[in-house]
Structure formats: C-alpha cells, structure tokens
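Visitor: Generate coordinates for the sequence data below:
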Amino acid sequence: MHLSTLITAAALTLLTSTVQAAPFSIYQVNASDGLNLRDAPSASASAQYNLPKGTQLISTGTEKVVGNSTWIAVHFNNFNGWVNKKYLTPSTNLDRLGVTASKVTEHLQCGGTEPFWSFKFNGKTVQGDNLANDTKYRATVTKRTATRDQKTSVVEAGKLAFLIQKTGQCSDGMSDTIYPYAIDVLLPNNTFLSGCCR
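Guide: Reported below is the predicted structural model:
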C-alpha cells in the first residue's frame with residue numbers, strides 16, 4: 001500500500017465521530033432530484049438507492065468528514081450506507097411533525113427473515129425473539145410517537161427502538177404476501193433488523 005494511501009486512511013479515521021446517541025432521528029431528504037445512498041462516505045462510491053424527497057432514514061450515530069463534506073451512516077431497507085448530510089433535515093423529536101401518540105403501533109405483529117425474528121406489540125409491552133442468537137425480548141413501551149398522518153411511528157421500549165412506516169408494499173422476501181407496514185428495529189447491541197408488520 002502506498003504511503004499516501006495510508007496517510008489518507010489515517011486522516012479519515014481521525015475525522016470519524018459519534019454524534020449524540022439518537023439512532024432513530026428522522027431525516028427528510030430535501031434534494032429535489034433524490035439522494036444517493038452510497039456504500040462508502042464518498043460521492044464516487046457505488047449508489048445502492050436513489051431516495052426521493054421525504055424518505056425517512058435512521059441515523060446509526062456515526063458521522064465522517066471527507067474533504068468539505070460530512071457523511072452520515074444510516075440504515076435503510078436492510079442496508080447500512082452513507083448519505084451526504086447537507087441534503088438532510090434532522091428531526092430528533094417527532095412531536096414537531098405531528099401527534100405525540102401512535103395508535104397504529106399498539107397492536108402489531110412484525111417479523112423478518114435472514115435471520116428469522118419477530119416482535120409483537122401488545123399495547124404497553126413489546127415481546128420478541130431473534131432466532132439468530134436465540135435471544136428473547138420483553139420490554140415496556142416508554143415512548144410512542146407518530147407523524148400527523150400516522151404513516152411514520154417511533155416506538156421505544158427499554159433498550160429497543162422501532163421505526164415503523166406505512167408503505168403498503170412491504171415484502172418478507174419469502175412469500176407473495178404484501179404487508180402494510182415496514183419496520184426497522186434497533187437492538188441493544190446497536191445492530192439492526194428490517195422486516196414487515198401487520
């Protein structure tokens with residue numbers, strides 16, 4: 001490896017930072033022609049998705065400054081990637097966007113594959129399991145917020161957090177069933193699961 005490459009890599013490492021732990025901050029894309037979700041923090045990195053204005057993303061809490069740009073690590077549709085921060089509008093509190101309670105998430109059955117997992121919302125509690133590591137979860141819901149139109153909801157329960165979006169077109173990847181809700185789950189070890197709900 002060339003010395004210049006090593007120096008550049010070291011510089012990038014030093015410029016990586018962890019922002020306030022708010023992994024379910026909502027980001028709304030303001031770019032008129034969509035925003036590329038890239039597999040590395042660089043405008044030349046491969047784009048995995050082109051996200052239209054209004055797309056909701058989950059920040060993982062990591063930022064990286066590359067040149068004059070700040071990139072944020074995000075989770076979207078079962079993919080961890082990077083977006084340019086200048087095109088994002090953060091909202092760490094959904095109360096600003098709408099109501100403070102989400103009726104949608106009081107009774108949902110959610111799950112995903114690869115690995116197989118499930119969560120069930122029972123009013124004030126959440127129960128679930130992850131077959132990948134044979135872990136079971138049970139927690140009391142501490143916060144339940146939603147946008148005014150109830151299309152995007154955030155649920156917090158202990159060390160678990162859930163972003164639920166009404167897409168009307170979520171697929172489990174194994175059947176022809178189409179589910180009304182897509183879900184991203186943040187586990188206590190800061191890893192994500194993506195799936196569907198009904």
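
Visitor: Okay, domains of the chain per the record?
Guide: Following automatic domain parsing, one finds the domains of the chain at 3-92, 95-197.

Visitor: Please tabulate these in JSON lines and include mean neighbour count and mean pLDDT as additional columns.
Guide: C-beta: built from backbone N, CA, C; applies to glycine. Converted to JSON lines, the domains of the chain look like this (neighbours: other C-beta atoms under 10 Å; pLDDT from 0 to 100):
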{"stretch": "domain 3-92", "mean neighbour count": "16", "mean pLDDT": "75"}
{"stretch": "domain 95-197", "mean neighbour count": "17", "mean pLDDT": "87"}
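
Visitor: quick check, Lys136 in a helix?
Guide: No - secondary structure of Lys136 (DSSP: H, G, I helix; E, B strand; the rest coil): strand, not part of a helix.

Visitor: Would you check that it makes contact with Lys120?
Guide: No - checked against C-beta atoms under 8 Å, the pair Lys136 and Lys120 is beyond contact range at 11.8 Å.

Visitor: intersection of neighbour lists for those two?
Guide: Common contacts of Lys136 and Lys120 (C-beta atoms under 8 Å, 6 or more residues apart in numbering): 127-128.

Visitor: Summarise which helices and strands the one helix or strand Gln127 maps to is packed against.
Guide: Gln127 is located in strand 125-130, with elements delineated by DSSP states H and E. Secondary-structure packing of strand 125-130 (3 or more C-beta pairs under 8 Å, 6 or more residues apart in numbering; DSSP states H and E): strand 117-122, strand 135-146, strand 152-157, strand 160-171.

Visitor: In contact with the nearest residue to Pro41 once chain neighbours are set aside, which residues?
Guide: Nearest residue to Pro41 in three dimensions, chain neighbours excluded: Trp71, at 3.5 Å (C-beta to C-beta, 6 or more residues apart in numbering). By C-beta under 8 Å, 6+ apart, Trp71 lies in contact with 41-42, 63-65, 82-85.

Visitor: does Trp71 have beta-bridge partners, and which?
Guide: Beta-bridge pairing of Trp71 under DSSP bridges involves Lys64, Asn84.

Visitor: Please list all residues in contact with the residue nearest to the spatial centre of the chain.
Guide: Among the residues of the chain, the one closest to the centroid is Ile58, at 3.0 Å (C-alpha atoms, centre = their mean). Contacts were defined as C-beta under 8 Å, 6+ apart; by that measure Ile58 touches 23-25, 74-76, 163, 184, 186, 192.

Visitor: hey, what's it bridged with?
Guide: Counting by DSSP bridges, Ile58 is bridged to Ile26, His75.

Visitor: State the pair within the contacts of Ile58 that is farthest apart.
Guide: Farthest pair in the contacts of Ile58 (C-beta to C-beta) is Ser25 and Phe192. Separation: 14.2 Å.

Visitor: Gly168 reaches Cys197, doesn't it?
Guide: No - applying C-beta under 8 Å, one finds Gly168 not in contact with Cys197, separated by 11.8 Å.
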